[in-house]
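[1] mind looking at a prediction? Sequence and model below.
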Amino acid sequence: MSAPGVSAGNERNPALWAGIVAVAIASVLAAAVIGSIAVPPGDVISVITGGHASDPGHDAILRLVRLPRITTSALVGAALGVAGLLMQTLFRNALADPYVLGANSGASLGVAIVALAGGASGPAFVGTLAGWGRLGTVLAAAAGAAAVLGVVLLLAVWVRNSVTLLLIGVMLGSVTGAMVAVLIVYADPNSVQQYMIWGLGTFSATSWADLEVAAPIVAVAIVMTFFWVRPLNALLLGEGYARSMGVDIRVVRAVVLLVAALLTGVVTAFCGPVGFLGLVIPHLVRGLLRTSDHRTLIPGCALVGATLAVWCGTLADLPGENTTLPLNAVTALIGAPVVITVLLRSRAQGGVV
């Protein structure tokens, strides 16, 4: 039986769920086959199941390039999908996304400090991070995102209204964005170019060693959300209703923000600020499953998010070409029409976004 304020729909349709899982598996296989060099499906299945490809070149492409990219994109899609769902539920705003609290701005500031203010002329610590290459970038992004989200989490203890907290996050994002703009003015053009490339996002720079760090954090954070399904469902009818049901709003808010911070911070640190996925995925899943019950939406957002991100990563690498498109350009081209469609459907049905 559905909780009050939770609409029932297709969440218990076994055929629908089987279709979602089948599409996810087919997408992974297709993404491994498609690329600048086509790999036979038999080689893909052989490598995935622990064997070797018939061609050593194909074996290397799958193990070193495509499978890390596919795993990364699936992990990112699941993380941002669930984080976006949490943000939209907490703030009761259909246009909220995982970066609404300034995680991407904080990460961007951290990377900007290393990329734009680092080097021999910069402070010793910053210069050291800049010399670490990708590791320095990951650490700087993680530190920047953690700093901003730490401030938000600290303020969440005193702020009673979620809308006020949302505005604080937006203001923090604006401040960090302004600091990045100042750094860009005084930075070397080559450093600015490197920073801009990072800001476009990518699934292709992550190694298996990176995934050994990122995957457990994302998995634990997503599992944590299942323990908070009841208060999340209660929040759908507003904080007043949730309090009447015995929900401690401050505790739930802190937990939701912490989980969303972990998911968003890990993604941004390893892949850069990946746009649109966290905003789009919850809407797609609600429309597909026709429910607002988080028991269904959480796994749905993880699966659909992983599938959509895998295709975005595949399209960004331009199958059959040696050119790579900016990841955020692909996510925007896919995501913007979805958001517009959701808004128009909501208006046509008399809904309020």
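    Yes, it's here.

[2] so for the most centrally placed residue in the chain, what's the nearest residue that isn't a sequence neighbour?
    Centroid-nearest residue in the chain: residue 80, 2.7 Å away (criterion: C-alpha atoms, centre = their mean). Nearest non-adjacent residue to residue 80, counting by C-beta to C-beta, 6 or more residues apart in numbering: residue 278, 3.8 Å away. Just so you know, the C-beta spots here come from the backbone N, C-alpha and C atoms, and that holds for glycine as well.

[3] ok, the residue nearest to the centre of the chain - contacts?
    Residues in contact with residue 80, defined by C-beta atoms under 8 Å, 6 or more residues apart in numbering, are 98, 263, 264, 267, 274, 277, 278, 281, 305, 309.

[4] next one, pLDDT for it please.
    Model confidence at residue 80, given as pLDDT, is 94.

[5] so how far is the helix or strand where it lies from its chain's centroid?
    Assigned by DSSP states H and E, residue 80 belongs to helix 67-91. Per C-alpha atoms, centre = their mean, to the nearest Å, the displacement of helix 67-91 from the mean C-alpha position of its chain is 4 Å.

[6] the inter-axis angle of the helix or strand following it versus helix 67-91?
    With elements assigned by DSSP H and E, the helix or strand that comes after helix 67-91 is helix 103-117. Orientation check (axes from the mean of the first three to the mean of the last three C-alpha atoms, to 10 degrees): helix 103-117 against helix 67-91 gives 130 degrees.

[7] what is the mean pLDDT for helix 103-117?
    The model assigns helix 103-117 a mean pLDDT of 78.

[8] re earlier: which of the residues in whichever strand or helix holds the residue nearest to residue 80 are buried?
    In this structure, residue 278 sits in helix 277-289 according to DSSP H and E. Residues of helix 277-289 classed as buried by neighbour count (16 or more other C-beta atoms under 10 Å): 277, 278, 279, 280, 281, 282, 283, 284, 285, 286, 288, 289.

[9] spit out the contact partners of the third one.
    Spelled out, it's residue 279. Counted by C-beta under 8 Å, 6+ apart, residue 279 has contacts 84, 95, 96, 97, 335, 339.
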